[in-house]
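1. Need the 3D shape of this:
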Amino acid sequence: MPKNYVNKTVSALKPSGIRKFFDIAATMDDVISLGIGEPDFTTPKPIIDAGIRALEKGETHYTSNSGIMELRQGISNHLEKLYGVKYDPVNEIIITVGVSEALYLTFSAILDPGDEVIIPTPCFVSYQAEVELACGKPVEIFTNMEDGFQPDPAVIEKAITPKTKAILLGYPNNPTGAVADRETLEAIGKIAEKHDLIIISDEIYDRLVYDHDFVCFPSIDGMHDRTVLLGGFSKSYAMTGWRIGYAAGPSSIIKGLVRIHQYSVMSAPTISQYGAIEALKTGEPYLQEMRNEYNRRRKMIHQRLNEIGLPTFEPHGAFYVFPSIHNTGLTDEEFAEKLLMEEKVAAVPGSAFGDSGIGFLRCSYATNYELIEQALERIERFLGKL
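-> Next comes the predicted model:
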């Protein structure tokens, strides 16, 4: 047998806790999935038509490494209109293959071996892995349901060491649905300034916020020049398969992202970029319609989970709820596996999102309202058997 040629960092990465249950569910019939973090809506027709027009016009070639200028300018205008933050589309914005690539580029560009990144958890499953792949060290700090899954600035500051390079924030949060409040974010900003740290703010769910104020992190006083803002089109415009995102930040950092991007990807998909241009032009009514429907589902699933005996924090962003299953006597992995095998409802164990997610279950309400109702009936029946 040949020796193992895969490097130690990759070999040590934990497999995604999400994929395991999707792979099992894919072999079963009549499964209702509350697991996938993907809109159930089809991309709005004007955006699809824009992609088709681009193909018909022969727009099938590479773009600039940083992306089509019209799209970068559109994002710049969009961010200034919504949040009052200004970015130079020439030097401070790069178009990426989804926010996933933007994360990879950011950590690869800023981290030296051994640099630490503080990450409030529960968090998106790839955060720690992306830090590790860039030869950094993820440092998890816990948030909890009793405090609304808000990151505690004092805990963050206590975790800082001479090796700390950055703080990664993901709000609105996947998996909890929490939206960080202004006071908390301003306190974290002061800590970043005091210790000269970079903030990476993943704001992919910024337009999916309900009954709550959203704060764009670089809009906070003093934070524009030390923040890398990550955003995209997948969630707000139902464009997950188009794989289009962006990073915005100081030109000195974005230059590093472009340097890696040009050697690893070259440019984001051309047709997808034209779709994103159209999304910024005409997508708002569709976004609002989808957001209103998510809000309707949010209210229903939050209320019903509490009614059937699973204490659930009220989410104010994204499209997830994060019920506690501590009172069931099962681990979150046992609960998710039994629920899938016995009642054919797919959800994700909270432990997939960091140790602070142990004892919780992530349920997505980015699926049909009636299917969510059926899934809740099955969950209630399952609880009755425990």
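2. in terms of contact, does Ser356 touch Asn144 like I think?
-> Yes. Contact criterion CB atoms under 8 Å: Ser356 and Asn144 qualify, at 7.0 Å. C-beta here means a position set from N, CA and C on the backbone, and glycine is covered the same way.
3. who's more crowded, the two?
-> More neighbours surround Ser356 than the other of Ser356 and Asn144, with 21 against 13 (other CB atoms under 10 Å).
4. Show me what the residue lying closest to the more buried one once chain neighbours are set aside bridges to in the sheet.
-> With sequence-adjacent residues excluded and distances taken as CB to CB, 6 or more residues apart in numbering, Ser356 is closest to Phe142, at 3.9 Å. For Phe142, the beta-bridge partners under DSSP bridges are Thr121.
5. ok, Phe142 to Ala12 distance?
-> Per CB to CB, to the nearest Å, Phe142 is found 22 Å from Ala12.
6. which of these two has more neighbours?
-> With neighbours defined as other CB under 10 Å, Phe142 and Ala12 compare such that Phe142 has more, 15 against 10.
7. Distance-wise, check Phe335 relative to Gly350.
-> In terms of CB to CB, Phe335 sits 9 Å off from Gly350.
8. tell me, what's touching the two both at once?
-> Leu361 (CB atoms under 8 Å, 6 or more residues apart in numbering).
9. If you count surrounding residues, which of the two has more?
-> For Phe335 versus Gly350, neighbours defined as other CB under 10 Å are more numerous around Gly350 (28 against 25).
10. The more buried one is in contact with Glu333, isn't it?
-> No. At 9.3 Å, Gly350 does not count as touching Glu333 under the criterion of CB under 8 Å.
11. May I see the buried residues of stretch 260-279?
-> Neighbour-count burial for stretch 260-279 flags 260-261, 267-279 (criterion: 16 or more other CB atoms under 10 Å).
12. Okay, strands next: where are they in the stretch 1-150 of the chain?
-> Listed in chain order, the strands of the stretch 1-150 of the chain (DSSP state E, counting those that start in this stretch) span 32-33, 93-96, 116-121, 137-142.
13. mind putting the ones you listed in TSV, mean pLDDT included?
-> Converted to TSV, those look like this (pLDDT from 0 to 100):
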stretch	mean pLDDT
strand 32-33	92
strand 93-96	98
strand 116-121	98
strand 137-142	97
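14. Which one, of those strands, ends up nearest to Asp181?
-> Minimum separation from Asp181 across these (CB to CB) falls at strand 116-121, 13.4 Å.
15. Okay then, goodbye and thanks.
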